[in-house]
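A.B. asks: Below is the sequence, then the predicted model.
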Amino acid sequence: WVRCGAGGGVRPGRGGLGAAGRAASEWCCRGIGLDLVITWFTALPMVGGIATGSSALGASLGHWLGALVGLVAAVVGQIAAVCVWTVLHELAHRDAVKGPRIVKVLNRTVGRWRNHAAVWWTAWCVPVFFVVRVAEYVVYPPLTWLVRLPRYESADWVRVSRHKFKGLVGHDLIWCLYCDWMTGVWSLGTEMLRNVESFWCPIRFDSAKKCANCRTDFPDIDAGWVPADGDMAQVEAVLAAKQSREGPNAWFGHPVRLTVGGEAADRAD
C-alpha cells in the first residue's frame, strides 16, 4: 500500500517518469503487478516476522511463541509505516488537506475516535482478501479446462486507480486504495462463484428470504435455477440445456451467453 500510495504522491509529476516509468507504474496498479505489490507489503512482512521470531526467539521463548512475537512485531511495523506515510503525504499536500475530505465528514458524523477505530478494525480482513486472491489463482483456473468454466482477465477486476482522483490524499487515499483493491478481489471471486453454483447445483433455496438476499450476487436464482420444490428431472433438464462439452459453461446470465461468437460484451456498455 505504501508503494501504491506513493504513486499518488508523485501524481503531478508523472510526466517526468518517462514512458517506461509510466508503464511500470501502471503495471504495479493492476493484475499480477498489483498482486506482487500487495504481497510485498502485506503478506511477506508477516511471513518474515513469523520466520524471524521463530528463529531468533525460539531458544528462549519456544518456536511457537517466538513466531507469534515476530508476527505481532511485523504487524506493528506495518501499522507504523502506514501512519508515517499518511503524515508525510498529507504534509506534502497541504492544500488538499485543507479542502473537502472524507475523513473530515466522517469524523463529524460518528466521531474521530469511532471513525478511526472502525476503519483500522477492517484491516483484519486483509489476510482474508489475500487468501481469496490466492484461491482465484490456484483453485479456479483448473476448472476452466476441467469443466469449461469461463476464463477471466483478472486485471479487469483487480486493479487500483483512486490514487488518480483529485484531492484524495493521505488518510483518505490509503483507505480508498484498500477498498479499491478488496472490492475488485471480492467481485471477481463472486463472479467465479456464480459459475460454480450454476454449474453444479442450479437449485433454489427453500428460504424465500435467502433467495431474496442472494439474488443480487447470484442472479440465476431468478433466471433458471430449479425451484426448491422441484425434482431432479428438472435439474437434469436445466443442466442439459445450459451446459455443454465445448463450453464455456458460464452462469446463465453471463455476457458470453448473450453474444455472438462467444465473446463477452464490455460490461461498461
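C.D. replies: Noted; the coordinates are in hand.

A.B. asks: CA only for contacts and neighbour counts going forward, please
C.D. replies: Will do.

A.B. asks: Number of residues surrounding Cys214?
C.D. replies: 14 (other Cα atoms under 10 Å).

A.B. asks: OK, contacts around it?
C.D. replies: Ile221 (Cα atoms under 8 Å, 6 or more residues apart in numbering).

A.B. asks: if I look at it, how far off is Phe129?
C.D. replies: Cys214 sits at a distance of 20 Å from Phe129 (criterion: Cα to Cα, to the nearest Å).

A.B. asks: same deal with Ser187?
C.D. replies: Taking Cα to Cα as the criterion, Ser187 is separated from Phe129 by 11 Å.

A.B. asks: So which of the two has more stuff around it?
C.D. replies: Phe129 (17 against 14).

A.B. asks: could you point out which element follows the strand or helix carrying the more buried one?
C.D. replies: Counting by DSSP states H and E, the element that carries Phe129 is helix 126-138. Using DSSP H and E, the helix or strand that follows helix 126-138 in sequence is helix 140-146.

A.B. asks: Okay, buried residues for that next one please.
C.D. replies: Residues of helix 140-146 classed as buried: Tyr140, Pro141, Thr144 (neighbour count, 16 or more other Cα atoms under 10 Å).

A.B. asks: and of these, the nearest to Thr122?
C.D. replies: Nearest to Thr122 among the buried residues of helix 140-146 is Tyr140, at 26.3 Å by Cα to Cα.

A.B. asks: Nearest residue to the closest one in space, please, no chain neighbours.
C.D. replies: If the residues on either side of it in the chain are set aside, Tyr140 comes closest to Met192, at 7.4 Å by Cα to Cα, 6 or more residues apart in numbering.

A.B. asks: And the pLDDT at that neighbour?
C.D. replies: As summarised for this prediction, Met192 has a pLDDT of 97.

A.B. asks: Distance of it relative to Leu61?
C.D. replies: Relative to Leu61, Met192 is positioned 44 Å away (Cα to Cα).

A.B. asks: swap in Leu177?
C.D. replies: From Leu177 over to Leu61 the distance is 38 Å, taken as Cα to Cα.

A.B. asks: Name the residue in the two with the higher neighbour count.
C.D. replies: When Leu177 and Leu61 are compared for neighbours, Leu177 comes out ahead with 19 against 14, by other Cα under 10 Å.

A.B. asks: Surely the more buried one is in contact with His163?
C.D. replies: Yes. Counting by Cα atoms under 8 Å, His163 is a contact partner of Leu177 at 7.1 Å.

A.B. asks: Next one: Val134 relative to Pro227, how far apart?
C.D. replies: 34 Å.

A.B. asks: Likewise for Pro202?
C.D. replies: As judged by Cα to Cα, Pro202 and Pro227 stand 9 Å apart.

A.B. asks: before we move on, what about Ala241?
C.D. replies: For Ala241, the distance to Pro227 (Cα to Cα) stands at 16 Å.

A.B. asks: Of these two, which one has the most company?
C.D. replies: Pro227 (16 against 9).

A.B. asks: Pop out the phi and psi values for the closest residue to the more buried one other than its chain neighbours.
C.D. replies: Of all residues not flanking Pro227 in the chain, Arg204 sits nearest, at 5.2 Å (Cα to Cα, 6+ apart). Main-chain dihedrals, Arg204, degrees, to the nearest 10: phi -70, psi 160.
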